[in-house]
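**Q** this one's structure only:
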Ligand SMILES: Nc1ncnc2c1ncn2[C@@H]1O[C@H](COP(=O)(O)OP(=O)(O)OP(=O)(O)O)[C@@H](O)[C@H]1O
């Protein structure tokens, strides 16, 4: 009978536990999926939040960790609260009522007193684990930073034989970390012993005593004892079990603060992660100043927090009115670095622009500003809706998925079909970019691979151009995205882009690309004066930018033009450099301008007919070195050759001035010297190459090596 009643009681108990566990798991996965979806909505949208989070924010440069680890921890800690609070609370209420009945008010008061004292005692002896763990995490972060610094700079460290120094500095933080971790472990050990004593071991003793007290308090009355012994034993037994379950429930409840502490840690993390996402969405940067000096040096126009961000996204063209290009500082209240002086630049539909300038001057930064990755700090930016403009950066991006996905990215196959495209269209596009062999080689358009590793740089760049031809936007900004493609294929691509009415803005220093463009935006010519802002100082509605007064609407695209652009020989302009210098003699040369203004820029119309003439001339030279690597040859030689041809054109011109002629003669002599030096270098390389070939012939390779090489 006893066994039967035990079974009857234990079956629902077991199932109740399983049910609670089941509910916990369901709750945890439901919270996780909702939270993750919410985060995706927040971060993966058209507002560049992921970029801002990764590049322009210091707190969460590794959002992966939050998504993979912290959210899972948070969800399971939250769902565990169900069993750790609800369950013991129900037990406490039910058992407490019964105990109150059995033991009377005094017994209940004694229990309450005991637990109040225990609780206060535990509170007193609990070390500040939160603070300690926080400190440990900071030291650990520092240690990891030290280590990644070593990994990132391994080459420099080896050159400087700095291994001992690095070992010492990183072992210092490791030592600190070990010491703190050990003391946390020791403290926790002592605390757990005290806690178990108070929560697990002392309460049952008190429980037994209190539970038995009503049954045995009149033990002296033998008669009564005799007649009521059975009842007394039953009461004793039931009180004892009641007390044990009651103590167990209180114990479980007393562990809840630990659970809550765990939960509060991850809640804090997730909350500030979401808060950062929302703040970045609104371009609000809550990071505080680091010292009062920073406020004094602050120039609000140049900070992320003070950026004006006046952007219109429904313009049929691209128009920058007084927009400087500024490299943002990661601290939102610090001034960014001004790369380029405020631009007044308009790209109308059908006008193709070539953007040129020395390395590191800010060409790609211009792309980042127009695309919105970096904010428009000042002035007004007008651009087409996002469907009408495409940005192709210098680093080719290959998504996860099939070969088809690479071409149609960011569209999916269903959208492609919905838009009326077929696989045959894609094959046609691949033909244009000279990748017609790719589907067969890679196993068809459905083949899924890690494309970043499978494709060469040239193929990746061609895929990005294929993407452009698939989407056919009205405008495209191409940032040196054909640098690995041969000139002949590049020519086909540019011609095709123009034939399908894509207005191109190409960032490149490849001179021959001028052939496919109508205008040039030249950044950072050191010998030219800056934008002529002094001439507009008197205008009433001029803008005050860094202490300069700038006319908000000067005539665009024709600030001033020059006849020759010093080093690369682009021609087709109206005035000589000398005339310009005279015209702006009141303005200090750029090199003496405060660097905070950024580099100057100018625009000009290209005389493509003349450039075509140059190209014919330059191609005559190429066969001389036709054994060199084609790409290098064209790149290296053509810039000098174009220059020579442009200069000879000027010198033959009937209007050429005598001093110009002298200058050009000197320049021709210099370039001839460069040319002969390069020929010499080339000869040396060829000799070396044939030596290597001879040496290779003598190496006997075994079959395995040959197979591996093949
Ligand atoms: N994310 C970044 N963090 C720090 N500095 C940057 C960042 N992006 C650009 N810069 C700096 O801004 C300046 C301009 O860079 P940008 O890439 O725009 O030059 P660029 O003219 O395109 O040069 P290149 O032709 O070499 O690509 C450089 O000094 C570069 O170091």
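**A** Perfect, I can see it now. Note that the structure is a prediction, hence the values are computed from the model and not measured.

**Q** name the helices or strands packed onto the strand or helix carrying residue 672?
**A** Under DSSP states H and E, the secondary-structure element containing residue 672 is helix 658-698. Contacts defined by 3 or more CB pairs under 8 Å, 6 or more residues apart in numbering; DSSP states H and E place helix 658-698 against helix 630-652. Backbone N, C-alpha and C define where each C-beta goes, glycine included.

**Q** pLDDT weak spots in this structure?
**A** 1-17, 46-47, 53-63, 214-229, 283-299, 525-597, 607-663, 693, 695-710 (pLDDT under 70).

**Q** Close to the ligand: what parts of it are there?
**A** Taking CB under 6 Å from any ligand atom, the part of the chain that reaches the ligand is made up of 55, 327, 339, 357, 359, 360, 361, 362, 363, 364, 365.

**Q** how about the fifth one, what does it touch?
**A** So that's residue 359. Residue 359 sits next to no residue when contact means CB atoms under 8 Å, 6 or more residues apart in numbering.

**Q** sec struct for it, please.
**A** coil (DSSP: H, G, I helix; E, B strand; the rest coil).

**Q** Put the buried members of the residues of the chain next to the ligand into a ChimeraX selection.
**A** Per 16 or more other CB atoms under 10 Å, the buried members of the residues of the chain next to the ligand correspond to this ChimeraX selection:
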select :339,357,361,362,363,364,365
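
**Q** For the residues of the chain next to the ligand, name the two members farthest from one another.
**A** Within the residues of the chain next to the ligand, 55 and 357 form the most distant pair, 22.4 Å apart (CB to CB).

**Q** count of neighbours near residue 522?
**A** By other CB atoms under 10 Å, 20 other residues sit near residue 522.

**Q** From the rest of the structure, what touches the one helix or strand it maps to?
**A** According to DSSP H and E, residue 522 maps onto strand 519-523. For strand 519-523, the surrounding residues in contact (CB under 8 Å, 6+ apart) are 340, 345, 351-357, 361-363, 366, 514, 557, 565, 570, 599, 601-606.

**Q** List buried residues within those residues.
**A** Buried by 16+ other CB under 10 Å: 340, 345, 351-357, 361-363, 366, 514, 557, 565, 570, 599, 601-604, 606, out of the contacts of strand 519-523.

**Q** would you list every one of the helices in the stretch 101-250 of the chain?
**A** Using DSSP state H, counting those that start in this stretch, the helices found in the stretch 101-250 of the chain span residues 129-152, 154-159, 163-196, 202-216, 222-281.

**Q** and if you look at the stretch 351-500 of the chain?
**A** With DSSP H, counting those that start in this stretch as the criterion, the stretch 351-500 of the chain has helices spanning 363-371, 403-408, 413-418, 423-432, 438-442, 451-454, 457-471, 487-499.

**Q** Let me have those helices in a markdown table, adding distance to residue 184 as columns.
**A** What follows is those, written out as a markdown table (distance: least, CB to CB, whole Å):
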| stretch | distance to residue 184 |
| --- | --- |
| helix 363-371 | 44 |
| helix 403-408 | 48 |
| helix 413-418 | 53 |
| helix 423-432 | 59 |
| helix 438-442 | 53 |
| helix 451-454 | 42 |
| helix 457-471 | 49 |
| helix 487-499 | 61 |
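
**Q** Out of these, which is closest to residue 237?
**A** Comparison of these against residue 237 by CB to CB identifies helix 413-418 as nearest, at 70.1 Å.

**Q** Just the buried positions in the closest one, please.
**A** For helix 413-418, by 16+ other CB under 10 Å, it's 413, 416.

**Q** before we move on, the earlier item: any chance of a markdown table for the helices of the stretch 101-250 of the chain, columns mean neighbour count?
**A** A markdown table is the format used below for these (neighbours: other CB atoms under 10 Å):
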| stretch | mean neighbour count |
| --- | --- |
| helix 129-152 | 14 |
| helix 154-159 | 11 |
| helix 163-196 | 13 |
| helix 202-216 | 17 |
| helix 222-281 | 16 |
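
**Q** In TSV: the ones you listed, plus distance to residue 408.
**A** Converted to TSV, those look like this (distance: least, CB to CB, whole Å):
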stretch	distance to residue 408
helix 129-152	36
helix 154-159	40
helix 163-196	47
helix 202-216	68
helix 222-281	28
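
**Q** Of the ones you listed, give the one that comes closest to residue 503.
**A** Residue 503 lies closest to helix 222-281 among those, at 30.5 Å (CB to CB).

**Q** between the closest one and helix 129-152, how many degrees?
**A** 40 degrees (axes from the mean of the first three to the mean of the last three CA atoms, to 10 degrees).

**Q** next one: helix 222-281 to chain centre, how far?
**A** In this view, helix 222-281 has its centroid 45 Å away from the chain centroid, taken as CA atoms, centre = their mean, to the nearest Å.

**Q** swap in stretch 321-340?
**A** For stretch 321-340, the distance to the chain centre is 18 Å (CA atoms, centre = their mean).

**Q** now stretch 492-501
**A** Distance, centroid of stretch 492-501 to centroid of chain: 32 Å (CA atoms, centre = their mean).

**Q** buried set for that stretch?
**A** By neighbour count with 16+ other CB under 10 Å, stretch 492-501 contains the buried residues 492, 493, 494, 496, 497.

**Q** from the residues you listed, which is closest to residue 468?
**A** Using CB to CB, these come closest to residue 468 at residue 497, 6.9 Å.

**Q** I'd like to check which residues are in contact with the closest one.
**A** Counting by CB under 8 Å, 6+ apart, residue 497 has contacts 468, 469, 476, 504.

**Q** so what's the second one up against?
**A** With CB under 8 Å, 6+ apart as the criterion, the residues that contact residue 469 are 429, 432, 433, 496, 497, 500.

**Q** could you redo the last one with a cut-off of 7 Å?
**A** Shown in contact with residue 469 (CB atoms under 7 Å, 6 or more residues apart in numbering): 429, 432, 496, 500.

**Q** now it: how far from residue 421?
**A** 11 Å (CB to CB, to the nearest Å).

**Q** try the third one
**A** The spacing between residue 476 and residue 421, counted by CB to CB, is 18 Å.

**Q** Compare neighbour counts for those two and give me the winner.
**A** The residue with more neighbours, out of residue 476 and residue 421, is residue 476; 23 against 17, by other CB under 10 Å.

**Q** What separation is there between the closest residue to residue 489 other than its chain neighbours and residue 406?
**A** Excluding its sequence neighbours, the residue lying closest to residue 489 (CB to CB, 6 or more residues apart in numbering) is residue 434, at 4.9 Å. As judged by CB to CB, residue 434 and residue 406 stand 16 Å apart.

**Q** Neighbour count for those two, which is higher?
**A** When residue 434 and residue 406 are compared for neighbours, residue 406 comes out ahead with 26 against 19, by other CB under 10 Å.

**Q** Apart from its chain neighbours, what residue comes closest to the more buried one?
**A** Take residue 406 and drop its neighbours on the chain: the residue closest to it by CB to CB, 6+ apart is residue 463, 5.2 Å away.
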